[in-house]
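[1] For reference, the sequence and a predicted model appear below.
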Amino acid sequence: MKISTELIGSIPRPVYLQQAMTAFSSGQLNAQELGKLADKATKETIQELEKLGSPILSDGEQSKPSFVTYPLQGLQTLASDGVVIPFADSHTRQLPKLTAGPFHYTTFANSYLHKAQEFSSLPIKQAVISCSAISLLYPQEGIDGYSRDQFLADLVNDAEADIRTCLNSGAYKVQIDFTEARLAIKLDPSKQLLAAFIDLNNQVLNRFSPEEKQKIGIHSCPGGDHDSTHSADIPYSELLPLLFSLEAGNFYLEYAAETDKKAVLNAIKQSIRPNQRVFLGVTNVLDPRVETPEEIRDLILEAADVIPIQQLGTTDDCGFSPFGDDTSTAREIAFAKIRARLEGTKLAEQAITA
């Protein structure tokens, strides 16, 4: 029995690229020079994943400033005082705020896919940001001459285009990063905010055929950044019944770092639909210790006792560096954890078929 295994997406950038990104942000490096170094890092990342034997590749998000803000690069109608997201270790991230309409993406994710495809003929997966995350850019006070409804209509159109252009460009799968799902419950325990996020994302997903939906996935986790999270205190049992109502064929969930794994498995079993597959994170990206393949095998076998094996896959808990300036995880450790996931998944396959 083959068990699908895929990475989430981001890999820590090499030091030379981190330094170049810092120099670019301070005006000491031009975009062309930064682009050359990002291409170099992308090529090296893909080559390393191929050496590990990863059946599915990604560009490691080497050239993205972050997993959430890539559609906004160069957009002039933004202010810096948007929504603040607090993390458990007291650090924060702040989104920009839209100041004028109409809103349109300045960068689509298929540009990253095209670059990655230059370096490999193996299947490549592409991550995109959720429509609901970008919806947080619209200010509570509104924008003169550009209503929230107009903004959301423009946003849904561009979010669809972000996914569709990747599919049309040959992406193996398109993964929607929906890390604000658990955070939505933390901010609004009534779950009205989460329900609104689900509805908005389904407005995008329902524009795709059943066959296309099988190539679209949802990644949800408690939002890892600098080895901390923003919503790990929200149990999956509160999230999963609504999460699996998203019209997608694949779901990528944190699992290795969850403290009550039986509860997670039972919540998945009660919520997953027959045409959906869940990829469980089997490596904890916030812990520098590299799991052994045997530990990962045992996690998978435990899950296979609850979830039908044909609906089960493996992944990492999250991306290893969702923000370009997050240097909390060493690049070498990320690749070692990916190797352990690949080997542990093979061990589980052998144990199940023995």
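    Ah, there it is.
[2] Phi and psi next, for residue 167.
    phi -60, psi -40 (degrees, to the nearest 10).
[3] got a pLDDT number for it?
    Listed pLDDT for residue 167 reads 98.
[4] Test my guess that it contacts residue 175.
    No. Counting by CB atoms under 8 Å, residue 167 does not reach residue 175; the two are 11.9 Å apart. Yep, even glycine has a C-beta here, placed from its N, CA and C like the rest.
[5] Find residues that contact each of those two.
    By CB atoms under 8 Å, 6 or more residues apart in numbering, residue 167 and residue 175 have these common neighbours: residue 216.
[6] Which one of these two is surrounded by more residues?
    Neighbours were tallied for residue 167 and for residue 175 using other CB atoms under 10 Å; the higher tally belongs to residue 175 (29 against 18).
[7] Report the beta-bridge partners for that one.
    Bridge pairing for residue 175 (DSSP bridges) gives the partners residue 127, residue 217.
[8] how close does it get to residue 168?
    Distance from residue 175 to residue 168, counting by CB to CB, to the nearest Å: 16 Å.
[9] How confident was the prediction at residue 19?
    Per-residue pLDDT puts residue 19 at 94.
[10] Over to residue 71?
    For residue 71, the predicted pLDDT is 96.
[11] What is the neighbour count of the nearest residue to it once chain neighbours are set aside?
    Using CB to CB, 6 or more residues apart in numbering and skipping the chain neighbours, the partner closest in space to residue 71 is residue 105 (3.9 Å). By other CB under 10 Å, 20 other residues sit near residue 105.
[12] give the contact list for residue 105.
    Going by CB under 8 Å, 6+ apart, residue 105 touches 71, 72, 158, 161, 162.
[13] From residue 133, how far off is the first one?
    So that's residue 71. Counting by CB to CB, the gap from residue 71 to residue 133 is 10 Å.
[14] Residue 72 too?
    11 Å.
[15] Between these two, point out the one with more neighbours.
    When neighbours are counted by other CB under 10 Å, residue 133 comes out ahead of the other of residue 72 and residue 133, with 24 against 21.
[16] Is the more buried one in a helix, a strand, or coil?
    Put simply, residue 133 is helix when judged by DSSP: H, G, I helix; E, B strand; the rest coil.
[17] Tell me, how many residues neighbour residue 266?
    Look at residue 266: counted by other CB under 10 Å, it has 16 neighbours.
[18] nope, residue 309 is what I was after
    Other residues lying near residue 309 total 17 when counted by other CB under 10 Å.
[19] what does residue 150 give?
    15.
[20] Can you show me the helices along the stretch 251-354 of the chain?
    Using DSSP state H, counting those that start in this stretch, the helices found in the stretch 251-354 of the chain span residues 261-271, 293-304, 331-353.
[21] CA-only coordinates of the first one, as CSV, when you get a sec.
    What follows is the C-alpha trace of helix 261-271 in CSV, where atoms were taken according to Å, rounded to 0.1, in the frame of the first residue of the first chain:
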residue,chain,number,x,y,z
LYS,A,261,-3.2,12.7,19.2
LYS,A,262,-6.1,10.3,19.8
ALA,A,263,-8.5,13.2,20.1
VAL,A,264,-7.1,14.6,16.8
LEU,A,265,-7.5,11.2,15.0
ASN,A,266,-11.1,10.8,16.3
ALA,A,267,-12.0,14.4,15.2
ILE,A,268,-10.7,13.7,11.7
LYS,A,269,-12.5,10.3,11.5
GLN,A,270,-15.8,12.0,12.5
SER,A,271,-15.4,14.9,10.0
